[in-house]
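Trainee: Have a look; sequence and predicted model below, questions after that.
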Amino acid sequence: MNRRTLLTLGAALGLTSAAAPGVAWSWSPTRSVARSGTGVDPLWVWDDEIDAIMASVIDAGQVPAVNDAILPWVDNDHPVPAGLPSELAGFLGREARLPAWADMEKLRRAADFNRRKDLYLFVIYGLGGGIMSTVIPREAKSVYWSKGGADMQDRAAKTFTFGYDLTDRNAYEPDGQMIVTANKTRLVHAAVRHLLPQSPYWKAVADETIPISNMDILVTFHSTGTFAHRTMKKWGVRMSAADEEAFLHHWQVALHLLGVRDEYIPATWADAHAQSDQVLTPLLAPTPEGRDLAEVLLGLTAQVDLGVTRGFLNEFVIYQLGDDIADWLDLRRDWASRALIRSVWPAYVAFREGLLPVAPNSFGLFDKFVKALGMAFLNKGQSGTTTPITIPDGNRPGV
C-alpha cells in the first residue's frame, strides 16, 4: 500500500488525526510560515523523495558505505561527501541549506538566547520533553521497536547530539553543525519509515502503517520546543518579545530541514500553542513500550554523577509533567525531594533571573545538577565530541 493509496483511503473513510481521537485536523495553513497550503492532515504526509532513496539504499545493502561517507560530514559549510549514491548526493545537495525565509539575525539571536538560558533548557529538554516522549504512544512504539530502542544510551546520545547542535551558538553558521545534523536525522527518519513496517513486533502494536509522518514530527516539536516555551513562561524566565520570536524561528528552520512542509510550521507562538493543544495534549497516554523506555532513560541518567538521588530525578519529572504521567510511568514518589524542588527551584530560577538578591539555600545542589545533566548523554556521558548520527540497517530484535 503506497502513500497515495493511504491518503485516498484515509480521506474516504474519514480517518482523523491520531493526535486527537475523534477530532479531525483543523489547524489552518494560514497560521503557518507559508501562510497558505492544502490543508491536508499531516498524519498522511511523509517525505516521499528521500523515503524512496533510503529504501533503495537499504535494500541494496549500501548502509555501511553511506555511514562511512557521512561520518566526516559535520560542519554546515562542508560539501556533500563523496562516495554517496548519486540520487542521495543530489538530494542532499539541494536540501542541506537554509530555506529562503530563514532570518540569520533571528537565528543568531536565538543562539545567544539558548546560551543564556541553557541551564533551563537542559532540564526541560532532558527530564521534561525527554520523558514526555515516552507517553506519546506512536513515538514510544517507534523508538522502542526500531534499532535504536535496543541501545537507549546510544539512542539518547544521538538525540542529545541533535539538541546540542540546535542550541549551539554557531548552530546555523557556516562552522556550525545544525544543517548537517538535521539532514542526517532526516535520512534516519526515512530509513525507519522503510524498516519498521517490516517488523512484526511493531506492526502488532502500531495503529499506523508508516511511522514518522509530518504529524509525528510536529508532535515531537511540541513536546520539546513548544513545551520549553510554555515551561519557561510558567517559571518566570525573562524573555523579550524578540527573544521569543527568535527562539521560535530556530525551531521553524529545524522543522523545515527535517522535511516538515512549511504549511504545517507555526508562524507564531500563539499558532504553535494552538496546534500543540490539538495534536499533542489529547494523545498523551501510557504504553508498555513507553514505561520501559522511561525506566531505561531515568536509569541511565541516574548512573551519571548528578549529585542527586533517583527519587529526586523522579520528582523533577513529576514537577514538570504532573502526577498523572508519573502514575502512567510508575514513578515512585520521594516526598522530601518533592518538597525541596517545589520550594527551592522557583527561588533558584528567580535568583538566576536577577529577581532575588541572595541565592537560595541548596543553590549549589541545583546548579551542579543542571550542569551535570547537560553532559549526561553527550558522548555517552563523557565530555568531548558528540555521538555521530548513523543510519540504521535493521529493527530491534524480537524479545
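Mentor: Noted; the coordinates are in hand. Numbering: from 1, shown residues only.

Trainee: Can you tell me what sits against the helix or strand harbouring Phe122?
Mentor: Element membership of Phe122 [criterion: DSSP states H and E] is helix 118-123. Identification of contacts with helix 118-123 by C-beta atoms under 8 Å, 6 or more residues apart in numbering yields 114, 167, 228, 231-232, 235, 237, 316, 320, 349, 352, 367, 370-371, 373-374. The way it works is simple: take the backbone N, C-alpha and C, and place the C-beta from them, glycine included.

Trainee: mind redoing it with 7 Å?
Mentor: Asn114, Thr167, Ala228, Met232, Val237, Val370, Lys371, Leu373, Gly374 (C-beta atoms under 7 Å, 6 or more residues apart in numbering).

Trainee: The closest residue to Ser36 other than its chain neighbours: neighbour count?
Mentor: Nearest residue to Ser36, sequence neighbours excluded (C-beta to C-beta, 6 or more residues apart in numbering): Pro29, at 5.6 Å. Pro29: 19 surrounding residues under other C-beta atoms under 10 Å.

Trainee: Likewise for Gly149?
Mentor: By other C-beta under 10 Å, the residues close to Gly149 number 20.

Trainee: residues touching it, list them.
Mentor: Per C-beta under 7 Å, 6+ apart, neighbours of Gly149: Val143, Arg155, Arg396.

Trainee: picking up where we left off before, what mean pLDDT does the helix holding Phe122 get?
Mentor: If you average the pLDDT over helix 118-123, you get 90.

Trainee: what's the following helix or strand past that helix packed up against?
Mentor: Following helix 118-123 in sequence order, the next helix or strand is helix 130-132 (DSSP H and E). Judged by 3 or more C-beta pairs under 7 Å, 6 or more residues apart in numbering; DSSP states H and E, the packing partners of helix 130-132 are helix 288-303, helix 310-321.

Trainee: I would like the residues contacting the first one, please.
Mentor: The set of residues external to helix 288-303 that reach it, using C-beta under 7 Å, 6+ apart, is 130-131, 134-135, 137, 140-141, 143-144, 152-153, 156, 310, 313-314, 329-330, 376.

Trainee: Let's see the ChimeraX selection covering just the buried ones among those residues.
Mentor: Buried residues among the contacts of helix 288-303 (16 or more other C-beta atoms under 10 Å), as a ChimeraX selection:
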select :130,131,134,135,137,140,141,143,144,152,153,156,310,313,314,329,376
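
Trainee: Out of the contacts of helix 288-303, which sit inside helices?
Mentor: Taking DSSP state H as the definition of helices, the contacts of helix 288-303 contribute 130-131, 137, 140-141, 143-144, 152-153, 156, 310, 313-314.
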